[in-house]
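K.L.:
only geometry, no sequence info:
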């Protein structure tokens, strides 16, 4: 291929090896799409204690066995193992350092429910080790694509400590923000442990904000390009003080270099025609399998099957951010619309209690699964009629796109990636693919659910709506094309320098 790029993709989680959310899915699917386009892409991620060498066939790499990393007056001996992302030929390296990454958990200690106290050192060491590991591989990336705060110090290091390093002279950096609420904010006292000079934490520096050091701020100010996971979210975090989460003004300084690229759907995983989790496959030309999946879902949920009653599916973290404060206010009114509700997820204890109580109150209408369950998630997408996502904010959201693919009509709030993917059927019957509401109010959400339930009663219209959604293209190919355009622009700028 004419312009084959060498791309190093860095992420603190990559599916199926380690996952807490959508970042892991993106970090698997986007590299696969870039590889399929012919680019030379490698992925680097921490080797957590929960990642099995045997299961994923991790192999030692002789030259990456004992890598000394100096940080904060100490020498840490790291190593890296190699494997491939399943069902792909994308090479992935796991950076191993047991004192920091030997835990089963990624960022939060499940014993205490709090962040690991050494998270700053953990991910700073990872960032430093990434740069040394790549040098040992003698593989010069033209693009280093960083994701979220855990890798945001890489652009900063390249502009400071590694500024004169000829190995990275032609390397450009991209920083993708998946959720601005998580920033890597720490007490400035940790600065020397990170191997940085004390004045790096002084007020007004690239790292300092609100008397803390902030990894994401440093990344935003030093990356060559910043992306977010949807066009609307790119605007919201600059214009809405609440969604800017204290970094709105910092982002505005880089306004010219911020791009919103909508995440895609990994169709090797999420596709009702060949979903390995489903007994009954189906597509937009024959929806019989969808009804069969609905029967299986209801049986598993111990709810009675009635073709005329719509099933509303929810797969989510049970938190305020995801709109559960709205649901809590009108849960009885939702059930009284004569619907069945199937909820899968974990989160705040108050919502665990809410759904346990409501399932006891309405045993024929509500089923709740307070856990993470990949197989059940696929069955809920396939067996539900409606999918509810009333998020306060949603950088991209993937479930609304999965839902469209599975013929499950989304009800969403107009924010972030939800606004970029769902068009309200009531406002635009010719292009609508779901139901939307604007104001973050329980009444507005309830009306959107009611609109969906009323439309469901007209099955001829509903079938048209389902098929329209199923035919939409949210593949990673579209997103990967946009990333490659940005990478190529950066690479050509670097070449000219």
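P.N.:
That came through, no problem. All values reported here derive from a predicted model rather than from experimental measurement.
K.L.:
quick one: contacts of stretch 454-461?
P.N.:
Stretch 454-461 is touched from outside by 308, 310, 385, 386, 409, 425, 435, 462, 465, with contacts defined as Cβ atoms under 8 Å, 6 or more residues apart in numbering. For every residue, glycine as well, the C-beta is placed using N, CA and C.
K.L.:
switch the cut-off to 7 Å
P.N.:
Residues outside stretch 454-461 that contact it (Cβ atoms under 7 Å, 6 or more residues apart in numbering): 310, 385, 425, 462, 465.
K.L.:
Now do the phi/psi pair for residue 223.
P.N.:
phi -70, psi 150 (degrees, to the nearest 10).
K.L.:
Residue 78 too?
P.N.:
Dihedral angles (degrees, to the nearest 10) for residue 78: phi -110, psi 170.
K.L.:
Out of the contacts of stretch 454-461, which is nearest to residue 267?
P.N.:
Checking the contacts of stretch 454-461 against residue 267 by Cβ to Cβ gives residue 465 as the nearest, at 21.2 Å.
K.L.:
With adjacent residues omitted, what lies nearest to residue 119?
P.N.:
residue 107 (6.3 Å; Cβ to Cβ, 6 or more residues apart in numbering).
K.L.:
Just list what the longest helix anywhere in the chain packs against, helices and strands only.
P.N.:
In the chain, ranked by residue count with DSSP state H as the criterion, the top helix is helix 476-496. Counting contacts by 3 or more Cβ pairs under 7 Å, 6 or more residues apart in numbering; DSSP states H and E, helix 476-496 packs against helix 22-36, strand 143-147, strand 172-177.
K.L.:
quick check: angle from it to helix 22-36?
P.N.:
Between the axes of helix 476-496 and helix 22-36, defined by axes from the mean of the first three to the mean of the last three Cα atoms, to 10 degrees, the angle is 70 degrees.
K.L.:
measure residue 354 to residue 268 for me?
P.N.:
Distance of residue 354 to residue 268, given as Cβ to Cβ, to the nearest Å: 36 Å.
K.L.:
I should have written residue 136 there, sorry.
P.N.:
Distance from residue 136 to residue 268, by Cβ to Cβ: 32 Å.
K.L.:
ranges for the strands of the stretch 101-250 of the chain?
P.N.:
Per DSSP state E, counting those that start in this stretch, the stretch 101-250 of the chain carries strands over the ranges 108-109, 114-115, 143-147, 172-177, 185-186, 208-209, 212-214, 225-228.
K.L.:
got these as TSV, with mean neighbour count and mean pLDDT columns?
P.N.:
Below are the strands of the stretch 101-250 of the chain laid out as TSV (neighbours: other Cβ atoms under 10 Å; pLDDT from 0 to 100):
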stretch	mean neighbour count	mean pLDDT
strand 108-109	14	89
strand 114-115	12	91
strand 143-147	26	98
strand 172-177	26	98
strand 185-186	20	97
strand 208-209	19	96
strand 212-214	21	97
strand 225-228	24	97
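K.L.:
can I get these in TSV with distance to residue 93?
P.N.:
Shown next, in TSV, are these (distance: least, Cβ to Cβ, whole Å):
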stretch	distance to residue 93
strand 108-109	24
strand 114-115	25
strand 143-147	13
strand 172-177	18
strand 185-186	26
strand 208-209	32
strand 212-214	27
strand 225-228	23
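K.L.:
tell me the contacts of residue 58?
P.N.:
81, 83, 94 are the contacts of residue 58 under Cβ under 7 Å, 6+ apart.
K.L.:
for the last one, what are its contacts?
P.N.:
With Cβ under 7 Å, 6+ apart as the criterion, the residues that contact residue 94 are 45, 47, 51, 58, 80, 81.
K.L.:
which SSE is it in?
P.N.:
Assigned by DSSP states H and E, residue 94 belongs to strand 91-96.
K.L.:
For that strand, buried residues please.
P.N.:
91, 92, 93, 94, 95, 96 (16 or more other Cβ atoms under 10 Å).
K.L.:
Next: stretch 381-391.
P.N.:
For stretch 381-391, burial by neighbour count (16+ other Cβ under 10 Å) applies to 381, 382, 383, 384, 385, 386, 387, 388, 389, 390, 391.
K.L.:
What average pLDDT does it get?
P.N.:
If you average the pLDDT over stretch 381-391, you get 98.
K.L.:
Compute the first-to-last residue distance for that stretch.
P.N.:
18 Å (Cα to Cα, to the nearest Å).
K.L.:
what is residue 68 paired to in the beta sheet?
P.N.:
Counting by DSSP bridges, residue 68 forms beta bridges with residue 77.
K.L.:
no, scratch that, I was asking about residue 41
P.N.:
On the basis of DSSP bridges, residue 41 is bridged to residue 7.
K.L.:
I'd like the numbering to begin with 93 instead of 1 from here.
P.N.:
Understood, numbering begins at 93; the last thing we discussed is residue 133.
K.L.:
burial of it, as a residue count?
P.N.:
Residues lying near residue 133 (other Cβ atoms under 10 Å) number 24.
K.L.:
Model confidence at it, what's the number?
P.N.:
At residue 133, pLDDT is 97.
K.L.:
Pop the domain breakdown of the chain in here.
P.N.:
As assigned by automatic domain parsing, the chain contains the domains 98-356+569-588, 380-565.
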